[in-house]
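> Please find the sequence and the predicted model below.
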There are 2 protein chains.
Amino acid sequence: MLRTHTCGELRLEDAGQEVILTGWVQRVRDKGGVIWIDLRDRYGTTQLIFKAGVDAQGETAAALIQKAQEVGREYVLKAEGKVIERYSKNPKMPTGDIEIEVSALHVLNPSKVPPFTIEDETDGGEDLRMKYRYLDLRRSVVRRKLQLRHRMMQETRKYLDGQEFIEVETPVLIKSTPEGARDFVVPSRMHAGEFYALPQSPQTFKQLLMVSGFDRYFQIVKCFRDEDLRADRQPEFTQIDCEMSFVTQDDILNMFEGLTKHLFKTVKNLEMGDFPRMTYEEAMRTYGIDKPDTRFEMKFVELNAVAKGKGFNVFDQAELVVGINAKGCAEYTRKQLDALTEFVKRPQIGAKGLVYVKYNTDGSLKSSVDKFYSESELKAWAETMGATPGDLLLVLSGEKNHTRKAMAELRLHMGDELGLRDKNVFKPLWVLDFPLLEWNEDDQRFYAMHHPFTSPKPEDIERLDTDPGTVRANAYDLVINGVEIGGGSIRIYNRGLQNKMFQILGFTEEEAQKQFGFLLDAFEYGAPPHGGIAFGFDRMCALVDGAESIRDYIAFPKNNAGRDVMIDTPSTISQVQLDELHIQVKQDVSQQRAFQK
Amino acid sequence: MLRTHTCGELRLEDAGQEVILTGWVQRVRDKGGVIWIDLRDRYGTTQLIFKAGVDAQGETAAALIQKAQEVGREYVLKAEGKVIERYSKNPKMPTGDIEIEVSALHVLNPSKVPPFTIEDETDGGEDLRMKYRYLDLRRSVVRRKLQLRHRMMQETRKYLDGQEFIEVETPVLIKSTPEGARDFVVPSRMHAGEFYALPQSPQTFKQLLMVSGFDRYFQIVKCFRDEDLRADRQPEFTQIDCEMSFVTQDDILNMFEGLTKHLFKTVKNLEMGDFPRMTYEEAMRTYGIDKPDTRFEMKFVELNAVAKGKGFNVFDQAELVVGINAKGCAEYTRKQLDALTEFVKRPQIGAKGLVYVKYNTDGSLKSSVDKFYSESELKAWAETMGATPGDLLLVLSGEKNHTRKAMAELRLHMGDELGLRDKNVFKPLWVLDFPLLEWNEDDQRFYAMHHPFTSPKPEDIERLDTDPGTVRANAYDLVINGVEIGGGSIRIYNRGLQNKMFQILGFTEEEAQKQFGFLLDAFEYGAPPHGGIAFGFDRMCALVDGAESIRDYIAFPKNNAGRDVMIDTPSTISQVQLDELHIQVKQDVSQQRAFQK
């Protein structure tokens, strides 16, 4: 090594030792006869001191000081010298008791002035940081996020290896299947006119590994979806992908609850209790969403029984009247209430209006619908909702699904307003019994809610023919703080049932055989009962770390247009390459490109 | 779990216990009143016994026996029963002392008769095995190879994590660069006419991570090369990819020698001594190849001094006369010697002929060139080669490189013939100081021998302008048993030198900036000295396991035409997909395809 120590390890007990450090210049302070340089590496920062009067290694102190004076921010240095006790110690730095009295200095590489400051709080905007991602990653605050990701990966493997899971790499060059999201494809040179596709997940391969008797499989694996990118969606993302044989749903929940607890324990030193479980139906009824944030209560209470039939037309015509109780908010001002009304009327939320009931501390009730409801009628609402004096009831109404969705947004908004969504509190929840199918009005067909390999609940199978929309699946999601971090299901392992599923999804027998024939065939050679789960690893890292954005947990992310602005890709390729791959760029596109040049 | 135990864990001390096992039917033996079924899972095999007279759980013994009789190979069963001591024990099976007296049997899934036997020695040919890879993987002998791979991965991570390496995932959708092998590309939907490329290695990204101060990086990562496939080459393959900052070459060799020893120790329980080191020049001179198999000696001895100038025209005109000493082979028959001559004259080897000298046990010498050399002259050869009576000297001559290459093949052939290449013996070797550049006659230009980022040796840099072909690189390979399992180099970290390197490789300044501008720019912002290595993980697994072929160490390999015959890919994609991607298949290809249908 070019160094004897890192910049993070020297302490007072090392005083007197001759050392060599390497690293980057964080800061230079020049007080005339004395120069201090903070030298930084991944492990920490150590102060170098250059003093007049210290001649060593053939360099005069004056020459050394001059060299130190010429050094700029982010220069790479190698400094030799003696560890000495600091005159004024810095208790905030682990190395703050010592400094290095430098006797020889080598500039290993100079640096231009970086385009933004290499500090935890930088002056660089998002675009600049992404263009110079290699400098952005030099900031400790960013690097630490990737170190957390590293730790999460190692601990995931440790846990699963300890549970006899086998890590198997499944192929990246696979086959395009139109079901699901859009595939990225790769033209084949050796097979003209044919293409590979990049996997959206290793789903079929992990099921085949179960057919192979691997019993327990996992992989931390890149997956790919060519979708229009929303904020925080990446075209390539990482999954913890798992599958087990001879299991019931409970076995899977317990195993991966164990994994999650292990990660929080080892990475955050946080002990988690057992995870509550809730059906999809209950989640929708009480939180209006399939991934409720359970850090706070404020559950939905349905008010149809007490609010309808009193002459208030809006409620009378509504499929659902539903309220939440904002505890202790009876003092909300007109302005605050108007703001809430504006919030729910925003087009993204789309409620027509908001009804409120203030349960004043003096026991009186005041509402925006006093015209239609007597105080005793409002009291019945309050009782239904378990409200006590001082509370504020917020009520929405309309078509059931739409109203639940709007109320779910309002609930989260109130949670934010009331500071009930502490990022250092972690509330997990298993959501169970998802519907098997979703009806798509546009396409007039069912889609698989999870994917086509998910098993219906045995007791619901008979309704597959008569009423498929009501069939529940053995599917489950792990939700923490309102974020879905994982989801999975017990799979179909019987060819007949899988055929039926494809049929419901509108596949002809021929299409099913062409795309998934290998899996259907495999089911006829002794497929065991099996199920699994996949975690969104990028999101999981952000969540565990209490962060909103996943982007800094990915070393080299792409922007919202799917572009890596640092290496400037995607980009054009040569005609030779196109020819070899037997493809051409469409005429209009090439003409347009030529024109732009 | 559907089971209480696996098929591998029950022992005599469990006798009397009621258990539930699940697994696959390996074998059924029906002796009339008694039926035995060997039930197999990943963990082992346990014998089930069905006996007349045992009525239980509402099933009569007769009904149970009938059910057992209907079971076929590879059926998936769930069997409940009692652990009992076996009458005739099988000491070869870990569970051989017990069997399960079955009281209830459930067929979880039947199986068609598999297309080949699920045994260590199968009757299935390569093609059939690959088409039904999920059944092939069910064979313990194949599954164990992937379990070894799993163990290798976990131990690699354990070691590197312990050495403060950070595992960072680099992107898969990157940029096409024409230097090196051919890229797989991915058309962009959002950027018409533009393409991503799949990485041939994360080379530039890991160097950027060093610029970022990550200090120690690793990744076990998929890489992609669209090359014509030779046996045992895969279009997607896995690397252990590593990089370190502030290191000398020795630091890297020591670190990864440590990793290799750790893997052999933990996976094979084999202690390895320190790895010898040899320059490229010495390897070529004494073994004729840059990846010598050092399990046996038989080093080259150059005979120019003793063999030339004696009137034997073939030698006199040869640039190199070189011999190997096949110890103890003086008794080789005419037929054996003819076979060796035939071997070296095969077109792949291309020698014109073979000269031999038998050093007989009686001390006399007999050669194929007795006409030109006296016995005392031959004795001088023998002395030069350190031969003793009983040895056989094999001599080739001609142009230096060509002759060395042929002799290297002959040496390996002799090693095989004499049983000197034991697959249970492991002989590592570091080969150092590779040439920086290779001259390509066809293209009349230099190519980088390793890659364009490899640093020349500092003492050779001055020859970059005057005699680039003689410049050595700080590049190294790890060779075990004649197989190159890893290679790397100290990198250039200075923009000027990197520019010069690109210039030597024929890049214009514009091309270099377009393709590698991000890296060249990065070098100007404080790049540290750094270097790294990458191991071919598929090959490493095969080598550690003493196997020749890498294919069984890959769960779902592609065939030599780059095709996955199980899922049948590459395959055609829809016109809608092509349109969205702004590409079309070339006219002639689409016509041809339509015609074939």
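Looks like it came in fine. Residues are numbered from 1 along each chain as shown, chains lettered A, B, ... in the order given.

> Relative to chain B, which residue of the stretch 351-500 of chain A is the closest?
Closest to chain B within the stretch 351-500 of chain A is A:Tyr493: 6.3 Å, counting by CB to the nearest CB. Every C-beta, even on glycine, is put in place using the N, C-alpha and C of the backbone.

> what about the residue nearest to that residue when sequence neighbours are not counted, how many neighbours?
Distances taken as CB to CB, 6 or more residues apart in numbering or on different chains place A:Ala527 nearest to A:Tyr493, at 4.2 Å, with adjacent residues excluded. When neighbours are counted by other CB atoms under 10 Å in any protein chain shown, A:Ala527 registers 26.

> what secondary structure does A:Ala527 sit in?
Per DSSP: H, G, I helix; E, B strand; the rest coil, the local secondary structure of A:Ala527 is coil.

> Contacts only, for it.
A:Gln207, A:Met210, A:Val211, A:Tyr493, A:Asn494, B:Val76, B:Asn109 (CB atoms under 8 Å, 6 or more residues apart in numbering or on different chains).

> now do A:Tyr196
A:Leu173, A:Ile174, A:Lys175, A:Ser176, A:Val185, A:Val186, A:Ser188, B:Phe184, B:Thr569, B:Pro570.

> Minimum pLDDT in those, which residue is that?
Minimum pLDDT for the contacts of A:Tyr196 is recorded at A:Ser176 (90).

> Tell me the bridge partners for A:Gly323.
Using DSSP bridges, the beta-bridge partners of A:Gly323 come out as A:Val301, A:Val395.

> Which pLDDT value does the model give it?
We note a pLDDT of 97 for A:Gly323 in this prediction.

> how far away is whichever residue of the stretch 201-350 of chain A sits closest to chain B from B:Pro428?
Across the stretch 201-350 of chain A, no residue is closer to chain B than A:Ser212, which sits at 3.7 Å (CB to the nearest CB). Per CB to CB, to the nearest Å, A:Ser212 is found 34 Å from B:Pro428.

> Would you confirm that the residue of the stretch 201-350 of chain A closest to chain B contacts B:Leu135?
Yes - between A:Ser212 and B:Leu135 there is a contact under CB atoms under 8 Å: 7.4 Å.

> now A:Ile220: how far from B:Glu169?
Taking CB to CB, one finds A:Ile220 at 8 Å from B:Glu169.

> Any chance of the contacts of A:Tyr196 in a markdown table with neighbour count, secondary structure and distance to B:His150 as columns?
Converted to a markdown table, the contacts of A:Tyr196 look like this (neighbours: other CB atoms under 10 Å in any protein chain shown; DSSP: H, G, I helix; E, B strand; the rest coil; distance: CB to CB, whole Å):
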| residue | neighbour count | secondary structure | distance to B:His150 |
| --- | --- | --- | --- |
| A:Leu173 | 25 | coil | 22 |
| A:Ile174 | 23 | strand | 21 |
| A:Lys175 | 24 | coil | 25 |
| A:Ser176 | 22 | coil | 29 |
| A:Val185 | 24 | strand | 30 |
| A:Val186 | 29 | strand | 27 |
| A:Ser188 | 23 | coil | 30 |
| B:Phe184 | 26 | coil | 26 |
| B:Thr569 | 22 | strand | 25 |
| B:Pro570 | 27 | coil | 28 |
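
> will you turn these into TSV that also has distance to B:Ile485?
Converted to TSV, those look like this (distance: CB to CB, whole Å):
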residue	distance to B:Ile485
A:Leu173	24
A:Ile174	28
A:Lys175	32
A:Ser176	35
A:Val185	33
A:Val186	28
A:Ser188	29
B:Phe184	24
B:Thr569	29
B:Pro570	30
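
> How is chain A partitioned into domains?
If you go by automatic domain parsing, the domain ranges for chain A are A:12-109, A:146-273+A:536-564, A:296-417, A:428-532.

> Just say which of these is most tucked in.
domain A:146-273+A:536-564 (a mean of 20; mean count of other CB atoms under 10 Å in any protein chain shown).

> Can you give the distance from that domain to the centre of its chain?
Relative to its parent chain, domain A:146-273+A:536-564 has a centroid offset of 12 Å by CA atoms, centre = their mean, to the nearest Å.

> cool, stretch A:335-344 as well?
30 Å.

> Break down the stretch 301-450 of chain A into its strands, ranges please.
Taking DSSP state E, counting those that start in this stretch as the criterion, the stretch 301-450 of chain A carries its strands at A:301-302, A:320-326, A:355-359, A:365-367, A:392-398, A:428-432, A:437-440, A:445-448.

> Which neighbouring elements make contact with the first one?
Secondary structure elements in contact with strand A:301-302, counted by 3 or more CB pairs under 8 Å, 6 or more residues apart in numbering or on different chains; DSSP states H and E, are strand A:320-326.

> between the strand it packs on and strand A:392-398, how big is the angle?
On the basis of axes from the mean of the first three to the mean of the last three CA atoms, to 10 degrees, strand A:320-326 is oriented at 160 degrees to strand A:392-398.

> Please list the outside residues in contact with strand A:320-326.
Residues from elsewhere that reach strand A:320-326, judged by CB under 8 Å, 6+ apart: A:288, A:298-304, A:307-308, A:315, A:332, A:357, A:381, A:385-387, A:391-400, A:403-404, A:407, A:410-411, A:414, A:418.

> partners of A:Val585 in the sheet?
A:Val585 has the following beta-bridge partners by DSSP bridges: B:Ile583.

> hmm, I was thinking of A:Val25
Counting by DSSP bridges, the residues bridging with A:Val25 are A:Leu39.

> Please apply the same query to the one 10 residues further on.
Per DSSP bridges, residues listed as beta-bridge partners of A:Ile35: A:Asp30, A:Phe50.

> mind checking how far it is from A:Ile166?
To A:Ile166, A:Ile35 is 57 Å away according to CB to CB.

> ok so, going back, kindly list the main-chain dihedrals of the nearest residue to the residue of the stretch 201-350 of chain A closest to chain B once chain neighbours are set aside?
Sequence neighbours aside, B:Leu137 is the residue nearest to A:Ser212 in space, at 3.7 Å (criterion: CB to CB, 6+ apart). Main-chain dihedrals, B:Leu137, degrees, to the nearest 10: phi -70, psi -20.

> Please list all residues in contact with B:Leu137.
A:Leu208, A:Leu209, A:Ser212, A:Gly213, A:Phe214, B:Arg143, B:Leu146, B:Ala555.
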